[in-house]
Structure formats: C-alpha cells, structure tokens
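In: could you work out the structure for the sequence below:
(one chain, ligands or ions: 1)
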Amino acid sequence: MGGKRGRTQRKHFKQTRENVWKKNRSDNPSSDGPPWEPFATQNLAFEEYYREQGIVPDEEWDVFMVMLRKPLPAAFRINSSGQFFKDIRSQLENEFMKSLEAEVTDGEVQAIRPLPWYPENLGWHLNFSRMQLRKTQSLERFHEFLKQENEIGNITRQEAVSMVPPLFLDVHPHHFVLDMCAAPGSKTFQLLEIIHQSTESGLLPDGMVIANDADIQRCNLLIHQTKRMCSANLIVTNHEAQHFPSCHWKKNCLDTSETESIKNPMISQLLFDRVLCDVPCSGDGTLRKAPDIWRKWNAGMGNGVHRLQVQIAMRGLQLLKVDGRMVYSTCTMNPVEDEAVVAEILRRCGGSVELLDVSTELPQLVRRPGLKKWKVRDKGNWLVSYKDVPRFRRVAIVPSMFPSGSSSDVVNALSDGLHEDIGAPQDQDMGNSPSSGKRLQNGSNLDCEEGLGKLESFAPPTVDLVDEVSSLPLERCMRILPHDQNTGAFFIAVFHKLSLLPAAALENQGQFTSRNMDFPKKLSDELIEDTNGLEINLLEDDADHHSEVTSDADLPDKQPEEGALEPDPQEKEPEESKLHGDEEISLDSSKMEKQRLQIQGKWKGVDPVVFFRDETVINSIKTFYGIDASFPFDGHLVARNSDTHRVKRIYYISKAVQDVLTLNVQAGQQLKITSVGLKTFERQTSKEGTSTECTFRISSEGMPLLLPYITKQILRASLVDFKHILQFRAIKFADFFDAEFGDEASKLKLGCCIVVLRKEDEATSDPIQVDSSTIAIGCWKGKSNLAVMVSAVDSQELLQRLSVQSGNERGSLAEESKPLNSEADGTGPTDGLDVNTESVTTEQVPTC
Ligand SMILES: C[S@@+](CC[C@H](N)C(=O)[O-])C[C@H]1O[C@@H](n2cnc3c(N)ncnc32)[C@H](O)[C@@H]1O
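Out: Alright, predicted model coming up:
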C-alpha cells in the first residue's frame, strides 16, 4: 500500500474541497434570485485581434468561433497513484462506456471516452456538460460515481488541455521539480503522481516537487488540492516566481564550529531537473469554461502580462540544471504571451537554451506549430515593429513583444538591408497570417477598444512597414486550438538547457523593466553560476522598477482554472504561529541568531518548519506501534512548532525534502514554506486518547507509508468482519464473526490500531505481509469495542470498491448478516464517526 496512495487518507476533503461535480447556484436557472442571464459570447475586438494574428486559416474561422461558443465538455484524470486506479479504469472502460452509450443521440459520438493522447487510458473526456449530468436521471449513477471518486481523490477533474504540459516535462521519480505558478494545483498533482509512480510499498521516491504560487489564498487551494496525494515529497512555497530564491549555501560563510553543529546538506544549491512554468496569462483559451472572458477581453490584457511572463520563465531557466527541461505554458492564444515570450527567452539565453522539437511525443495530440509572425495591438493601433511604438507608449510596449525582439534602432538598421538576421525573406509566405506584407498599421480599429480617441495624436511615424518575421524555430511551439479536438485552447513550449546561461541573460532581466529599452543586448560569452546573493538583490531591484511600469492589463480577478476550489483557512495552530523556528538545528552564534530573527520577520505569519527530534516522543511511537528499526526516522520528522510539548502534528518528509530543508536552513531560511510533508502522527487530545501509552496516533495519511514497518497494534480481519467494521463503524469485541479476531482485538493496547483485510489465500497464523494490494484501515481500540477512524465517505467508497472487486453490483453491497449487537443502528454505514458506545464517544474517537 505504501507506494500507492492509501484509500483512508482523504478525510479532509469532505469538508474542505469543493466538489466540482456538485451543483452550484448559478447552475440552476430556476433557483430563487435574479433570472439567469446567458453570457454574451461575442467580442468584436477579440475577433478582429485573432483574425489579424492569423491564428487559424480563414477557411477555419467560422468553425473555430462556433466551437469557442460551445460549453466545454468535462474531463477528468484517474489518479494513477491511487490504490484502486486499475479498478476505476476498468470500471470506466467496461462498465460505464457501455452503459452510457444509450445516452448519446448522435451515433458518432461516444458518451465517455479515454483521451487518445493521455497515457494508459488515465485521462477521460465526457460528452456531457456538468448540467446534463445533473439533470438526466439515467446519468445519475455515473454522476454519483464521479462525485464520490472526486471527493476522495481517486479522480481529479481537470480540463483536458491542462493535462498536457506535465506530460511534456518528461518527469522521472528521481527528479527535483519546480512548479513555479502552481495554484490551484492540478498540474502539481499530476507531477506528484509521476514522482510516486511505481514506488514500492513503504518506500518514497528520490525526487520531490516544490509547488509555488505568489498568491497566498491560492496557495491554500494548492495545499488542499495536493493533500489528496498524501505526499512526503512535496514542499509548497509562497514566492513571486520571478524572485524565487536560489537557496545557495556557501560553505565558507560559516566557521568550523557552526558547520559542525548542523548536518551538511547533500546539496549546496537548489537547482531543478524539471521546471514547469505555467504562467499567469490573459486566459482566453478558457473561454468555453469561463464565458465572462467574452465581456472582459481586450488586447491590453496580453500586453500587460508579457514582461512578467518573460521574467518568470527566465528565473525558471536560471533555476534549471544544465541538461534539464522546462515547459512554458499558457491558456491563452495570444502570441504576445506565447511565441513572443519564447522568442525573448531564446534571444536572452543565446545558445545556452534550445527550443525542443517534441513533434514525436504524444503523437495523438492534435496541435499546430507556433506562429513566426504576429503584431502588437495597443490603444487601437496595430504595431508590427517596435519602431511603430510612439515614445510615450514605450513603457508599456516593449521590443520583446515583437517578432524581431528589436528596439527601433536595430529595426531601422535591419530594414536598411539586414532582414536575413531577424527573419525569413519578406516575400516568404508563412502561411498563417491573413495580412499582406505592407499595410497601413493604424487603420482598421474597432471602436470598442480603449484609447481610440487619442489615435491621431500618436500615429506611428511611418506607414510603410514590413511585417517582422522571427527566424527562431518557433514552429516547435505547440498551439492547441478548441476545434481540433473539442477542448479549450493551450500553448506549450519545451526548453532544454544546454549550458549555464550567459551573464547578459541576467542583465537583461534587470534591465527589462527599466524605461531605457535597448534590446537585444549583445550576449556575453561569460557564463555565470546562479549565485544567490547578487541575483536576489538584482531581482528585488527589478521588483521596484516593475511596480513603476504602467500596465494595460485588465486581467480577470482570478484566472479561470480547473478544479476551482473554495479557499479554506489553512490548518492553523494560532498559538504555534507566534513561536519561533527550528531550535533543533538553529545555530549558536550571534551571527546565525541575527539571521534567524531577520528570517522570522521576513516570513511573518508563516509557521516555522522545525525538525522534530524529541527522542521521548519518537521512542514512545516506535515502541507502541513496534515500528521496525529499518524505517528511517532520523531527520525525517518535522513540525510547525519548536515547542515539542505543544506539537499537535508531526509530518514525515522524504530524503529529498530533508535535503532541501537542511539546505534552506544553511542558506538562511530563504524559502517561505507554507506546507511540507505528510501528516503522519497526531496528538491525542480526547480523555481516552491522553490515557494511552502513546499520545500520538497514526494519521490515515501516514498509515500507508508506515504499514510495512508496523509490528504491534496491527490485526488481520476476514472480509466479513472488515466490511462490518466499515459498515457499522464500531463493533463490540464479542460481536465479530471471527471470535478469534474479536479476542485478539480485545488484547490490543488502548488506542490507535490498524486492521488489515486478510487475503483469501492467507491463513490466520501467517505473518502479515504488506504490498501494494494490501487494504488496511486505521481503527481505535476502546475498552469494549473497535471503532473505525475512517470518514463515512471513505468507508462507503471502500465498501463499494470491495463489492466491485468481489464481482458484486456497484452500490448494492450484499449485506451479510449483521453482527449481533452492532453498535450502529444497522441501517447502513453510519455518518461520520458518530458512534455512540459506552467507551467510544464522538469526542473520543479521533477523526482521521
Ligand atoms: C495559470 S494559473 C496556474 C495553474 C496551475 N499551474 C494549475 O495547473 O493548477 C497561474 C497562477 O500563477 C499565479 N501567479 C501570478 N503571478 C505570479 C507570480 N509572479 N509568481 C508566481 N505565481 C504567480 C496565480 O496566483 C495563479 O495561481
């Protein structure tokens, strides 16, 4: 079970995660309140913009627009690290695909089908909108299935195209991965699945993921989304991605005694094998899902966010190891946010980075090549070249937005005869622009765009311009358009880092937001390391400049993204948040103490991450559960409270995360960590709980990892008794069908215990063997009974899963005869953990 995420790990989603398959008010036209108004699905500026950019050939335009106005079909992914993912997949393939066939009227269309390009039939497309699913009676059972599996984390609703970028990242389980703009976390979830893929029971992969987002509210969504993975290999951070810290530790900055007092980290700088750069964007690729964008869209949205996108991508490349891969992606069709950013990155990086041709990867995914030429729209004007940009607009419109990436001086020089340096010959037909080579640039404006009134006052100096065409291999970028395979739109580019970035790449990053644009700079051959101090200062300076730069962006308040979850207050321990950081590994010297205090000020409001090394507590846990000595504890436990007497939860971290945290301490706590590790032990607070020998119970999230190492407080139950515990929630020892089991249960120590489902071929006397197929649940051994510590939803789902496995009809669990005196009322699974017994009360049974 350890390798696969356990089924009993997910209780927290019951209350905290929005169930995306459930109704919300706006879905119900007949509910009280103002009548539902359909969104306008028209925006003339949008149409003119994309027609002019030539993103689809003229003959496809109508089909493209019709598709944009259709609601987006739902899609979801099966969590490949879930214990029952194969069962779920075969249920979809064999059961639902057939039973839902009757629901579609169009014989050509399948009701549900696997996405042909998604590996192993794990991505699925539904030909029903969510509304249809809710309203059609015959779809009810399927809808219930989706709701339940989504709620407990066995499937994740995610827009089909959003599943693409992680697939091109070529992640392996040993990789260190940075997800720079990660919230709400659907791609992070996918990355974690890959990292955890094929990990053996009780072991953790060598790799890890850092998921970052600049927005603290959205960080909370990210935390809740990724908690479903129950991963010890994840750190969630809250930084502006363009300023993401390097965590570089210079060994010589500590004297010998200090160095000796803390463990040397295995790594001296935080660099990544893979970087996902799924940047904030204007989001018009999600129009089908978020039709309010029709109303909000304007060309300034893309222009306004272009520079930030370049900065984030450049930072990603700096943090990428040589030979590493970075995927840059957006959910917009706007070339200023797509190809222009890619082109600028390539120019800045010189030959140190290449744009990969991935045309042989995922061949079934229909995509189109990136554009080689495009224009910039500003204040109602079409601009083909930076020299068109009026001086007073040069703060907002920068050279890198244009195909040549050149400032006016360079463009002027080029137009005097150096065309071959910046692009293809001018008469070359690039096949994707409806515009002719020469045109009046400020002609055909639509008056719905702002700034039109000022048009004449800043007409460009010349009308005799030639379209710029990029000579960079931008055709290697991938554009996914809605009408190609009935999806949203997406843009993806894959970079490969060949060598350290040239120093000039950084210089440009510093210069980018200044008013004196002078691109492209001659790239220096000098190679630089991504050292922290200088770089961070440089970037922080940038941030100041950046705030001065005026922006036309009118971005939607929130990027419409899949799996939109309601923010939920992060699990907080208010009294702990006031306490100081890691006393275990803090250094004695005044220098480090000063640094520590500065750090606490820096990350005010975020609980410190503290290595948990309280031997008394750790030994009591080891002894009580008989945890085998081979299970690595040392340096793998962290808490968010340096006062060990008040620690409520202990989190387990993998070796890779341990190395990063150690490095982070060495480097002066540069990472602002909002969540880390797998909640593994929780302090008992109930009266009965505090009277047990071990004050920490094993949390349901941590149980699969520990399971192969637990030798005490563990029992094996027959299928009948296992189902009965799930169904009736608490059963007196004397009432189990297998009297021997009841007897063994009564002999356990008071407190947390584990009940494992006995396999058919196992004898009671066999030692308990744990593998990925082992099914186990956490229970509470009370004075007279055994009670489950699994939520009602999880219990119900597991019961159904067991029924499916044993060939029963889903949902119609064959009721074996009820145990005598079962503690629940016998009407079925009890709700929550509200068992009412003499020894186990609602307060006393810890929820899991
Ligand atoms: C397109 S969404 C990311 C979607 C996410 N990758 C997923 O698959 O669920 C862009 C995210 O970037 C975040 N963001 C905006 N500006 C940022 C910045 N400067 N640094 C890091 N994140 C930023 C937003 O809060 C938003 O969550």
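In: contact partners for the closest residue to L637 other than its chain neighbours?
Out: Sequence neighbours aside, F612 is the residue nearest to L637 in space, at 4.0 Å (criterion: C-beta to C-beta, 6 or more residues apart in numbering). Using the backbone N, CA and C atoms, a C-beta is placed for each residue, glycine as well. Contact analysis of F612 by C-beta atoms under 8 Å, 6 or more residues apart in numbering lists E584, I618, L637, V638, A639, T644, V647, I650.
In: distance of F612 relative to I235?
Out: Separation of F612 from I235 (C-beta to C-beta, to the nearest Å) stands at 16 Å.
In: one step back: where is pLDDT lowest across the contacts of F612?
Out: Within these, E584 has the lowest pLDDT, namely 26.
In: show me the shaky parts of the chain.
Out: Across the chain, the ranges flagged by pLDDT under 70 are 1-39, 104-109, 129-130, 138, 250-266, 408-466, 506-602, 764, 807-848.
In: care to break it down by domain?
Out: Annotated domains of the chain cover 12-37+73-158, 374-426+437-469, 577-683, 713-848 [automatic domain parsing].
In: got CSV for the contacts of F612, with distance to L671 too?
Out: Shown next, in CSV, are the contacts of F612 (distance: C-beta to C-beta, whole Å):
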residue, distance to L671
E584, 17
I618, 25
L637, 18
V638, 13
A639, 17
T644, 23
V647, 21
I650, 20
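In: wait, D607 sits on D643?
Out: No. Counting by C-beta atoms under 8 Å, D607 stays clear of D643, with 11.7 Å between them.
In: what sits against the closest residue to A656 other than its chain neighbours?
Out: Nearest residue to A656, sequence neighbours excluded (C-beta to C-beta, 6+ apart): M208, at 3.9 Å. Taking C-beta under 8 Å, 6+ apart, we find M208 in contact with F176, V177, I195, N233, L234, I235, S654, A656, V657, V660.
In: what residues does the stretch 151-300 of the chain put near the ligand?
Out: Taking C-beta under 6 Å from any ligand atom as the test, the list of the stretch 151-300 of the chain residues beside the ligand reads 162, 181-187, 213-215, 218, 240-242, 278, 280.
In: what sits opposite the closest residue to N121 other than its chain neighbours in the beta ladder?
Out: Nearest residue to N121 in three dimensions, chain neighbours excluded: P114, at 4.1 Å (C-beta to C-beta, 6+ apart). When bridges are called by DSSP bridges, P114 pairs up with W124.
In: helices of the stretch 701-848 of the chain, start to end?
Out: Using DSSP state H, counting those that start in this stretch, the helices of the stretch 701-848 of the chain run over 703-706, 719-728, 739-747, 792-805.
In: re earlier: out of the contacts of F612, list just those in strands.
Out: Among these, the ones falling in strands (DSSP state E) are L637, V638, A639, I650.
In: am I right that the last one is in contact with F696?
Out: Yes. Under the criterion of C-beta under 8 Å, I650 makes contact with F696 at 6.8 Å.
In: what is in contact with these two at once?
Out: Residues touching both I650 and F696 (C-beta under 8 Å, 6+ apart): V617, F681, E682.
In: pull the helix or strand hosting the second one out as CSV, backbone CA atoms only.
Out: Think F681. F681 is part of strand 678-683 when elements are defined by DSSP states H and E. Output of strand 678-683 as CSV, limited to C-alpha atoms (Å, rounded to 0.1, in the frame of the first residue of the first chain):
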residue,chain,number,x,y,z
LEU,A,678,3.0,14.1,5.1
LYS,A,679,0.9,14.3,8.2
THR,A,680,1.8,11.1,9.9
PHE,A,681,1.3,11.4,13.7
GLU,A,682,-1.4,13.4,15.5
ARG,A,683,-1.5,14.1,19.2
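In: contacts for it?
Out: Residues outside strand 678-683 that contact it (C-beta under 8 Å, 6+ apart): 230-232, 621, 637, 647-653, 695-699, 701-702, 705-706, 846.
In: neighbours around R69, how many?
Out: 14 (other C-beta atoms under 10 Å).
In: ditto for the one 10 residues further on
Out: Around N79 sit 27 other residues, with neighbours defined as other C-beta under 10 Å.
In: and if you look at the one 4 residues further on?
Out: Neighbours of Q83 under the rule other C-beta under 10 Å: 23.
In: scan the shared contacts of I650 and F696 and report the most crowded one.
Out: F681 (27 neighbours).
In: how about F402, what does it touch?
Out: Contacts of F402 by C-beta under 8 Å, 6+ apart are A340, V376, L383, V384, S385, Y386, V411, E468.
In: buried ones in stretch 494-502?
Out: For stretch 494-502, burial by neighbour count (16 or more other C-beta atoms under 10 Å) applies to V494, F495, H496, K497, L500, L501, P502.
In: distance to T690 and secondary structure added to the residues you listed, as CSV?
Out: Shown next, in CSV, are those (distance: C-beta to C-beta, whole Å; DSSP: H, G, I helix; E, B strand; the rest coil):
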residue, distance to T690, secondary structure
V494, 54, strand
F495, 55, strand
H496, 56, strand
K497, 54, strand
L500, 56, coil
L501, 56, coil
P502, 61, strand
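In: as JSON lines, these with distance to Q364 would be great.
Out: JSON lines is the format used below for those (distance: C-beta to C-beta, whole Å):
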{"residue": "V494", "distance to Q364": "17"}
{"residue": "F495", "distance to Q364": "23"}
{"residue": "H496", "distance to Q364": "23"}
{"residue": "K497", "distance to Q364": "28"}
{"residue": "L500", "distance to Q364": "36"}
{"residue": "L501", "distance to Q364": "35"}
{"residue": "P502", "distance to Q364": "38"}
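In: A730 reaches N785, doesn't it?
Out: Yes. If you go by C-beta under 8 Å, A730 and N785 touch, sitting 5.1 Å apart.
In: same for the helix ranked longest in the chain, what does it pack against?
Out: Counting by DSSP state H, the longest helix found in the chain is helix 300-318. Helix 300-318 sits against strand 272-278, strand 320-330, helix 339-349, strand 376-378, helix 503-511, helix 532-548, with contacts defined as 3 or more C-beta pairs under 8 Å, 6 or more residues apart in numbering; DSSP states H and E.
In: re the thing from before, and D607 and D643? Which one has more around it.
Out: D607 (22 against 13).
In: just give the closest residue to R801, not the sequence neighbours.
Out: Closest residue to R801 apart from its sequence neighbours, by C-beta to C-beta, 6+ apart: F84 at 5.4 Å.
In: direction included, what does the strand holding F681 pair against?
Out: In the sheet, strand 678-683 lines up against strand 649-652 (antiparallel), strand 696-698 (antiparallel) (DSSP bridges).
In: so can I have a markdown table of those strands showing mean neighbour count?
Out: Formatted as a markdown table, the strands paired with strand 678-683 follow (neighbours: other C-beta atoms under 10 Å):
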| stretch | mean neighbour count |
| --- | --- |
| strand 649-652 | 24 |
| strand 696-698 | 26 |
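In: just put these in CSV and tack on distance to S718.
Out: Below are the strands paired with strand 678-683 laid out as CSV (distance: least, C-beta to C-beta, whole Å):
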stretch, distance to S718
strand 649-652, 31
strand 696-698, 23
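In: how about those, which one is nearest D284?
Out: In terms of C-beta to C-beta, the element of the strands paired with strand 678-683 nearest to D284 is strand 649-652, at 39.8 Å.
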